[in-house]
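> Predicted structure and sequence below. I'll ask about it afterward.
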Amino acid sequence: MTESRSDAEPDVAHVARIFADGTRARILTALAGGGSLAAGTLADEAGVSRQAASTQLAALTAAGMITVEQSGRHRYYRLGSPQIAEILESLAGLAPGLSMPNTLRASTRAAALRRGRVCYDHIAGRLGTAITDALVERDALTPATNTISPTSDHPYRLGSAATAVFTELGLSETQLADQQHEPLLRFCLDWSEKRPHLAGHLGAELLTTFTQAHWVTHSPKSRVLRLTALGEQELSRRLDIRTGIE
């Protein structure tokens, strides 16, 4: 006799089917930068017709994966929550291999995404992991356990030098203590670097602070995060990051 699934168990298969469709996955990935994008832009990103994109956008909206806002004649879509971006990052890390870009433009973009990108509201890619490594080296972050698993949600906690290091990077003590909206510390497994980068409240505050200071720049229509000359100078001076990221 086949056992039936308990009503108390989450329907993981239903969620997995949503991510399994290639068009839906590309739409969600395009929105993983945390911004709002128009349907036409998402169709272009997914490489499908406007009609095909509309069908998948409706399905994603119905599933609660994305939200939609009307602005004049246009509709703008964004991810339903930051957890969806983290799921995408994790799934990318589990993917059996990376598809090879078939054009110079695609190859250039792929390389830029690996150097630095926005993962919903925090910094990912080589830049994100370099910053996280530097924070650990300076005891702003310290291992939460004796053994760090790369898939752990909380591999680190605040270290003894956290206040000094984070304020040196432009954050206030209030920002360090604010846990009103999300956990202070959260970590994503970076798909391109195969190790954690800082997310959570502090990760979001660093991205906001670095953007306002013009250390990094990014377009609302792209996940690519670029380190400016000023940012390269300041991160070298304050965190001794010299990784050839740009």
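Done, it's in. Numbers count the residues shown, from 1 in each chain.
> from here on, contacts and neighbour counts on C-alpha atoms
OK.
> can I get the CA coordinates of the lowest-mean-pLDDT helix or strand in the chain in PDB?
Ranked by mean pLDDT, DSSP states H and E, the weakest helix or strand in the chain is helix 104-115, scoring a mean of 77. What follows is helix 104-115, C-alpha atoms only, in PDB (Å, rounded to 0.1, in the frame of the first residue of the first chain):
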ATOM      1  CA  LEU A 104      30.800  38.000 -27.000                       C
ATOM      2  CA  ARG A 105      28.100  40.100 -25.400                       C
ATOM      3  CA  ALA A 106      26.900  37.100 -23.300                       C
ATOM      4  CA  SER A 107      30.400  36.100 -22.400                       C
ATOM      5  CA  THR A 108      31.200  39.700 -21.200                       C
ATOM      6  CA  ARG A 109      28.100  39.800 -19.200                       C
ATOM      7  CA  ALA A 110      28.700  36.400 -17.600                       C
ATOM      8  CA  ALA A 111      32.200  37.500 -16.600                       C
ATOM      9  CA  ALA A 112      30.900  40.700 -15.100                       C
ATOM     10  CA  LEU A 113      28.300  38.800 -13.100                       C
ATOM     11  CA  ARG A 114      31.000  36.600 -11.600                       C
ATOM     12  CA  ARG A 115      33.100  39.700 -10.600                       C
END
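> Show me which residues of that helix are buried.
109, 112-115 (16 or more other C-alpha atoms under 10 Å).
> between those, which is nearest Gly93?
Arg114 (12.5 Å; C-alpha to C-alpha).
> how about the nearest residue to that closest one, chain neighbours excluded?
Using C-alpha to C-alpha, 6 or more residues apart in numbering and skipping residues adjacent in sequence, the residue nearest Arg114 is Gly125, 5.0 Å away.
> who touches that neighbour in this structure?
Contacts for Gly125 (C-alpha atoms under 8 Å, 6 or more residues apart in numbering) come out as 113-117, 190-193.
> coming back round to it: turn the buried residues of helix 104-115 into a markdown table, including distance to Leu225.
Shown next, in a markdown table, are the buried residues of helix 104-115 (distance: C-alpha to C-alpha, whole Å):
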| residue | distance to Leu225 |
| --- | --- |
| Arg109 | 11 |
| Ala112 | 8 |
| Leu113 | 7 |
| Arg114 | 10 |
| Arg115 | 8 |
